[in-house]
Each structure stands twice: as structure tokens, then as C-alpha cells.
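1. please find the sequence and the predicted model below.
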Amino acid sequence: MNTATALPTAEGLSRNIAEQLKELIYAGEFKPGDRLNEAALAVRMGTSRGPIREAIRILTGTGLVTPVVNRGVFVRKVSIQEMLEIYDLRALVFGFAAERACEHVTDAHRQQFEALLEGMDGAAQAGDSGLYYELNVQFHELVLTLSNSRRAHQLYDSYVKELHLYRRQNFNAPGNMRRSNVEHRRLYEAISKGHAAKAKQFAEEHIQAGRQRLLALADEK
């Protein structure tokens, strides 16, 4: 009985710590290449090292951090050249998914898209980059789900995991959020109307526009 009630609590604690660590990484307190020290984090979070270890495992699954044998776990670091290559591949897969999504979209999906678009408009207006990014991820996820292609979905997810940190920073500027959602809306309208060629084109252009925003951000640093 006690064990059954303790498990959800322990799992909830680890997930809560993982969310806190994610926000610290997004805020730049832990930068790409930084090592996550379990002992120091346990002291900081006021817990034992067990929940910290599990939280880091959760973050490893998202691609935000990466383990290095005999060295520890580090905030993921990707070179500009690697990022550009990943963006090119994401564009191809997302274009394929958007094209296929036209075959499977229903009124229920349209309602989901519209709710996400409205939510992102609100987040952009409020300057809430964290909320915008989460809704943005859900929008892309919905397109991939509608593709009905498990392999395309897996490929896209693998690319996304490598870029979470960098894509999240793209939306720190309210202008980037607004431009991104204009692109989302154009893509949604093509999918909603079953215009497969346009959906493919707009999806690829959306990813490439994100690539340009990333380059602009890198030039500012």
C-alpha cells in the first residue's frame, strides 16, 4: 500500500525537477557543453541524488542533455553546421508529412489546429516564449500525426531532439513568434483545404524560415 502511493510521488518529483532543469537550460543558466553535477543539483533542489538522476534521464530522452561515458551528462552542444544540416532534413520530412496530412485531416483536427493557432497568437502577444514554444511543438506534432507515417514521425522526432534548446531560443523575440505563426496559419489553411502541393511547399518554407531565424540569432551573439 505504502509502496503504491510512494511511486507516483517519486515520479512526480523527478518530473518536476526535470521541468525546472529544462527551464534553467532554456534560460541560459546551464549552457551548451555544461556538465550537470548530480550532487550540486541535489543540494540546490533540496533532494537526494535519486530524483536528480531520474530527472536527468528524462531530459536525456528529450535530447536536451547527452551522456558521455566516464565523464557525466552534458547540456547538448551542436555546431552551426550540424544545425543547418538538421534543418534541411527537417524541412524535407515536414514537407512530406504536411503533404500526407491533407489526406487525413478532419473537422476535429481543424478545431485542434485553430485552437493551437489562437493560443500561439495569444502567447506571442503576451511575449510568453515558453508557452509559444510548447504550442508550436504541439502544432508540428499534429501535422506529423496526420501524416500517418510512423517512420517519418520517428525521423522528425530525432531531428527535433537535437535542436530543442536552439529552437526554443528562437522565440525569445516576440517578432519571431508572430512571423512563425503567420507561417503556421498559411500551412494550416493549405492542409485544411487539401492543397497537398502548397502544404508541402509551405511546410518546407516554414522550416527554412526557422533556419534563417536561427542564423540571425547566431550572428547577434
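-> Thanks, I have it. Residues are numbered from 1 along each chain as shown.
2. which residue ranges of this structure form helices?
-> Secondary structure of the chain, counting by DSSP state H: helices at 2-26, 38-45, 49-62, 80-101, 107-126, 129-146, 150-170, 174-192, 196-220.
3. for the fourth one, buried residues please.
-> Residues of helix 80-101 classed as buried by neighbour count (16 or more other CB atoms under 10 Å): 83, 86-87, 90-101. (Each C-beta comes from the backbone N, C-alpha and C, glycine too.)
4. just to revisit the earlier point, so which of the helices of the chain comes closest to residue 72?
-> helix 38-45 (8.3 Å; CB to CB).
5. what are the buried residues along the closest one?
-> Residues of helix 38-45 classed as buried by neighbour count (16+ other CB under 10 Å): 38, 41, 42, 45.
6. and it, how far from the chain's centre?
-> Centre-to-centre, helix 38-45 and its host chain are 26 Å apart (CA atoms, centre = their mean, to the nearest Å).
7. got the angle between that helix and helix 2-26?
-> 100 degrees (axes from the mean of the first three to the mean of the last three CA atoms, to 10 degrees).
8. would JSON lines of the helices of the chain with mean pLDDT be doable?
-> Below are the helices of the chain laid out as JSON lines (pLDDT from 0 to 100):
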{"stretch": "helix 2-26", "mean pLDDT": "74"}
{"stretch": "helix 38-45", "mean pLDDT": "92"}
{"stretch": "helix 49-62", "mean pLDDT": "91"}
{"stretch": "helix 80-101", "mean pLDDT": "94"}
{"stretch": "helix 107-126", "mean pLDDT": "97"}
{"stretch": "helix 129-146", "mean pLDDT": "95"}
{"stretch": "helix 150-170", "mean pLDDT": "83"}
{"stretch": "helix 174-192", "mean pLDDT": "95"}
{"stretch": "helix 196-220", "mean pLDDT": "88"}
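9. would you turn the ones you listed into TSV with distance to residue 74?
-> Formatted as TSV, these follow (distance: least, CB to CB, whole Å):
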stretch	distance to residue 74
helix 2-26	11
helix 38-45	13
helix 49-62	10
helix 80-101	15
helix 107-126	30
helix 129-146	22
helix 150-170	12
helix 174-192	27
helix 196-220	20
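10. residue 73: which of these is closest?
-> helix 49-62 (5.3 Å).
11. what angle do that closest one and helix 2-26 make?
-> 60 degrees.
12. list the buried residues in helix 49-62.
-> Quick answer for helix 49-62 (16+ other CB under 10 Å): 51, 52, 54, 55, 56, 58, 59, 60.
13. what's the answer for stretch 99-119, then?
-> Buried residues in stretch 99-119 (16+ other CB under 10 Å): 99, 100, 101, 102, 105, 109, 112, 113, 116, 117, 119.
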